[in-house]
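Trainee: Okay, predicted coordinates and the sequence, questions at the end:
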Amino acid sequence: MNLSLSDLAPPLRWTPPGQIAQIVEEPQLPDAWWQAIPLDRACAIIGTQAVARHLADLAVACWSHLLLGDILPLLRFSDPAEAERTPQMLGKDVAQKLFSGVFERLLEPVADLPATQPKPDKPLPDLIDSVFVPLDERQRAIARDRLYAVQRVTLDELAQRFSVTRERIRQIERDLREHIEAWLGSPEAAPLAAHVTWLRGKLGSAVPADDLQTAAPWHRGDLRTLGIPAWRFVRTLLTGYEQTDGWLVAGGADELREKTRQLFTDGPRPLGEAVTMVTQLGVREDVAEQWIMAVPQLRVLDQHVVPWPRSINEKAEAVLAVVGRPMTPEEIQERIGEDYSLVGIRNQLTADDRFRRLDRNKYGLTRWGGDEYLGIREMIAREIERAGGEASVSTIVTNLTSRYDVSESSVRAYSGGPGFERTQRGWIRVAGTSPTGEAEPYQPRKDVSETRRSFRSRDGRWWHRVDVNAEHLRGSGSPLPTGFAAYLGMAPGGQLTAATPSGDVVISWHNQPTMGSIRNVLAECKASEGDHIFLTVSDGGELLTRYLPAAPAQMPPLNRALYLIGYTAPVTSEMEGLRLIGARMGLPDTATREEVLGRLRERGDRDILTFLGGPA
C-alpha cells in the first residue's frame, strides 16, 4: 500500500499542519508522518489502534462538525449509517473504534483475484452516461427534469407530457432512483466514488457553490444522454452538503455559521489570524475570507474581523476597538456605513456605559481609561476640586486646553461666569463653597419625583416631557421645573450647557430654571405642535431626547395616559397600567390606585388624571 493517512482522510489536507502536529505528533514517527509515510508502515510502527486514536483526537478537536464519512470516506462503504453522524454525536471512543475497523480491513491480506477483472478505463462523463444509455425517453426525461433539474418539473406536467397518471410517473422515478443507487454501489462506479472522495477533500466544509463547476474540467461539460452539465449529477452525490445563499456547506449551514461567529466573541481579530482560525473549522484558506464575509453578524473592517450584531452600540464598540483611538460620532457613523442617524449614534454613545466622552466631540471605550469630558463648566469644577478647593485660572486654562479641544477664551469665560467666585487675584473656587471645597447642596421645594411631567426610566434616569407648542417651534426658550433642574445638578445662579448634534442648548437658572431654544432638535425630529419630546442631560453633558408624535385620537384612555409618561407598549389591564405609571413617578409596585392618583394630583399631572378617570 502506498497511501498515507492524508490520502484516506481529506480534512488532513486542508487543516493547518501546525494544528495537526500539536495533536498527533508521535516520537516514533517522522514529522508530518500522516502524509510522509504509507499507512501500513505507520500502523506497523505504532499500531493500528494508535493511528485510529490520533485520527479520532483530530476529529473531536478540529472536525467535530463534519460527518464521519467526510473525515474518512471509506466509512461510507463499511458503516453507511455511522458515516452520517458527527464526532460530536458519537464521541471519541466510538469514532476511534470505527476508524480502526476501516484500517484493519484495509490492511488485511488481499485474497487472490480472478485472472481477469473487467475494469473499463473511460472518462468519468462517459462512465456516468453509461448508466443512462439503456433508459427510454420517459426515464431520461424524469432524470433530466426531476432528479437533476435546477427547477424541478411537477409530476402532473410529466404525466400530461407522456399521457400517463402522476402515480405512474412517481413509480418510474422511484425505480430510476433505485437503479442509479444500485449502479453507484457497484464496482463499475468505483472511479466515480473515488472522484467524489477527492472532491470532498477539495471542497472542505464550506465553499462557494460555483466552485463545484470548476473543481474538475469535465464538470462543466454536458452529459450526452441527458443534455445537462455533469456537475449537476455530481452535486447529488455530495450527500451531507447543504446548499444555501450561494454556498455548499458540509453538515448544517446554521451550525457552521454559529461556530464561525463564536470564534470572534472576544472582539476583533486581524484578518490573517481570523482566516487561520476559520480554517480550523474545515474551510479552505483561499475561501475563508469570503466565508467570513458571508456569515451574518460578522464584518471585515480595516483588515480585522469584528462581531457585527444588529445593535448600534455593539457596532460602535467594534469600530472603536479596531481603530484604537477616540473618534467623533460622525467618524463612527461613516465607518458603520449603514442607515443610522447621527442623533441616534450620539444618544447611544452617551447612554451606554461602554463608551466614555473623552473630548468635546470624541468618544472612546471606557476600558481605555482616561478623564471623561464633562463640559467646560464641570471640568473647571473638577480642576478646582483636584487643586484642593481653589485654583489658578491660568493653570485651569493650561490643563484644559492641552487635553481637550476647547479654546482659552471659552475656559476663561466660564471661569468668570455663574457658578464660580474669585478668592484672590487670578484664583477661583466653586460658588457657595468654603475654601476647602465643601458645599451646601441646593434643596428644591419639590423633589423630581414630585415634579410635574417628570418620569423615571427603567435605568433610573429621570426625563422631563415637553409638550411641543408654537413657541418651541419658533425657537423660544421655555421654563423647566425647579425639581427637574435640581436633579440635573443645577442651583440658582448656575448654568448648564447640554450638547446636541445641531448645537448646544443652554439651561440657566436666574429667577427660575430656563431652557434655551430646542428648535433644531425639533426640526431633526420633524416635530409638530402637539407632539412630545422627552429630554434629560447625561453625565457627560449630552442632551438626550426621545420623540413621540401626538397620540392618535382613537387611542383608548388608559393607553393615552401611558403615552404621556413615554410608555407605548400595550398593557393587559388597568392595574398593570397604574403600576407602570406609579413606577415612573418613583412609587413602589405595591402602590394602590388611590396612591397613584394622589401622586398625580399632587404633581399637577391633570392631563394623565383625566385619562384615568380621576378627579383633577
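Mentor: Received it, and whenever you're ready, just let me know what you need.

Trainee: Return the set of buried residues in stretch 332-351.
Mentor: 332-333, 335-336, 343, 345-351 (16 or more other CB atoms under 10 Å). Where you see a C-beta, it was placed from the backbone N, CA and C, and this is true even at glycine.

Trainee: And the strands in the stretch 151-300 of the chain?
Mentor: Secondary structure of the stretch 151-300 of the chain, counting by DSSP state E, counting those that start in this stretch: strands at 206-208, 241-244, 247-250, 269-270, 298-301.

Trainee: Just the closest of the buried residues of stretch 332-351 to residue 229, please.
Mentor: If you rank the buried residues of stretch 332-351 by distance to residue 229 using CB to CB, residue 336 comes first, at 41.7 Å.

Trainee: so who does that closest one touch?
Mentor: Counting by CB atoms under 8 Å, 6 or more residues apart in numbering, residue 336 touches 312, 315-316, 319, 345.

Trainee: Can you tell me which of the strands of the stretch 151-300 of the chain is most buried?
Mentor: strand 247-250 (a mean of 24; mean count of other CB atoms under 10 Å).

Trainee: Show me the strands paired with that one, marking each as parallel or antiparallel.
Mentor: strand 206-208 (antiparallel), strand 241-244 (antiparallel) (DSSP bridges).

Trainee: closest to residue 68 out of those?
Mentor: strand 241-244 (14.9 Å).

Trainee: remind me which residues of the stretch 351-500 of the chain are low pLDDT?
Mentor: Scanning the stretch 351-500 of the chain for pLDDT under 70 picks out 432-442.

Trainee: Which stretches in it count as helices?
Mentor: For the stretch 351-500 of the chain, helices defined by DSSP state H, counting those that start in this stretch occupy the ranges 376-386, 393-403, 408-415, 470-474, 482-487.

Trainee: Kindly report the same for the stretch 151-300 of the chain.
Mentor: Counting by DSSP H, counting those that start in this stretch, the helices of the stretch 151-300 of the chain are 155-162, 166-184, 190-203, 211-214, 230-237, 253-262, 271-279, 285-294.

Trainee: Can you flag the weakest of the strands paired with strand 247-250 by average pLDDT?
Mentor: Mean pLDDT is lowest for strand 241-244 among these, at a mean of 90.

Trainee: Against residue 106, how distant is the residue at minimal distance from the centre of the chain?
Mentor: Among the residues of the chain, the one closest to the centroid is residue 309, at 2.3 Å (CA atoms, centre = their mean). Separation of residue 309 from residue 106 (CB to CB, to the nearest Å): 48 Å.

Trainee: re earlier: can you list the strands of the stretch 151-300 of the chain in TSV and add distance to residue 476?
Mentor: Converted to TSV, the strands of the stretch 151-300 of the chain look like this (distance: least, CB to CB, whole Å):
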stretch	distance to residue 476
strand 206-208	61
strand 241-244	58
strand 247-250	59
strand 269-270	53
strand 298-301	44
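
Trainee: So for residue 33, which of these sits nearest?
Mentor: strand 247-250 (26.0 Å).

Trainee: and that closest one, how far out from the chain's middle?
Mentor: Taking CA atoms, centre = their mean, to the nearest Å, one finds the center of strand 247-250 at 21 Å from the center of the full chain.

Trainee: And the contacts of stretch 191-206?
Mentor: So stretch 191-206 is contacted by 10-11, 13-14, 63, 65-66, 70, 73, 124, 127-128, 184, 211-212, 215-216, 234, 237-238, 241, 247-251, 253, 256, 281-284, 287, 291 (CB under 8 Å, 6+ apart).

Trainee: rerun that using 6 Å as the cut-off
Mentor: For stretch 191-206, the surrounding residues in contact (CB atoms under 6 Å, 6 or more residues apart in numbering) are 10, 13-14, 70, 73, 124, 215, 237, 247, 249-250, 256, 282-284, 291.
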